[in-house]
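Q: Pasting the sequence and the predicted model now:
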Amino acid sequence: MRILGIFLYSMIFPALALASDITEMFQKRYETLHSFRAFFTQNLTNAATKKTEERLGSIVFAKPKLLRWETTSPEEEVLIVGPKIVWEYLPEDGVVYRYTVEQIFQSKTMLRFLSGEANLKEDFMITDKGMDAGLHLLELTPKEPEPGLTFARVWIRPDDGLLERISIVDFFGNTNALELKAIETDAAVDPKAFTFTPPHGVTVIEGKVQ
């Protein structure tokens, strides 16, 4: 083996080992996590126009795959993942989209990361980028890219293995970046938070995951 090859291997191997440790910590933490609630800031950047839209809201998660995502700004939106049905309610449009849980979790969506359903080791090629603002930064390239995810970055807290930030890039180069704040783990969650009845007069549409 050439000296350059030996040098590169010696530089890369520790990074791979560290990335493996971090992903192991992440997976184990979400295996033991029963619930969490947090506020979020989401920035959606359009690759073509370079414009970014900021969204604010809150999220509540409980095992096995129950989730309530409420956007409060710039307009109200509610996404509820129940035991069998997923509801996406857009009050200003007077529309409710209905999906099955399988539709949502079969693809590498943001929700799969937040729920711990994404398997970093099996689904991605991982590059450890070291520490960034006190968080472990990993770059993820999917082994089987999808239109909604061709590249991602995740920032993981070193003290407890929780995901604090994530940035996902789709096929068109659009970016979906999310930061969780005031994360409260294993908090008591009312099961009613994951139920939804479409308000009278709204249009219910069978949704399709892009």
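A: Perfect, I can see it now.

Q: Next, name the residue at the spatial heart of this structure.
A: M110 (3.0 Å; Cα atoms, centre = their mean).

Q: my guess is that residue meets L180, correct?
A: No - counting by Cβ atoms under 8 Å, M110 stays clear of L180, with 11.4 Å between them. C-betas here are computed from N, CA, C, even on glycine.

Q: buried set for stretch 186-196?
A: V189, A193, F194, F196 (16 or more other Cβ atoms under 10 Å).

Q: Contacts only, for the second one.
A: Translated: A193. For A193, the contacting residues are V60, L66, R68, I80, by Cβ atoms under 8 Å, 6 or more residues apart in numbering.

Q: export the strand or helix carrying the last one as CSV, just CAs?
A: Looking back up the chat, that one is I80. Element membership of I80, judged by DSSP states H and E, is strand 77-81. Extracted as CSV, the C-alpha positions of strand 77-81 are listed here (Å, rounded to 0.1, in the frame of the first residue of the first chain):
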residue,chain,number,x,y,z
GLU,A,77,-51.6,24.2,9.6
VAL,A,78,-52.1,21.0,11.5
LEU,A,79,-50.6,17.6,10.8
ILE,A,80,-51.7,14.7,12.9
VAL,A,81,-50.3,11.2,12.6
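
Q: Please list the residues outside it that contact it.
A: Outside strand 77-81, the residues touching it (Cβ under 8 Å, 6+ apart) are 57, 65-71, 86-91, 101, 104, 111, 193-196.

Q: From the residues you listed, keep the buried residues only.
A: By 16+ other Cβ under 10 Å, the contacts of strand 77-81 give 57, 65-71, 86-90, 101, 104, 111, 193-194, 196 as buried.

Q: among these, which are in helices?
A: V101, I104, L111 (DSSP state H).
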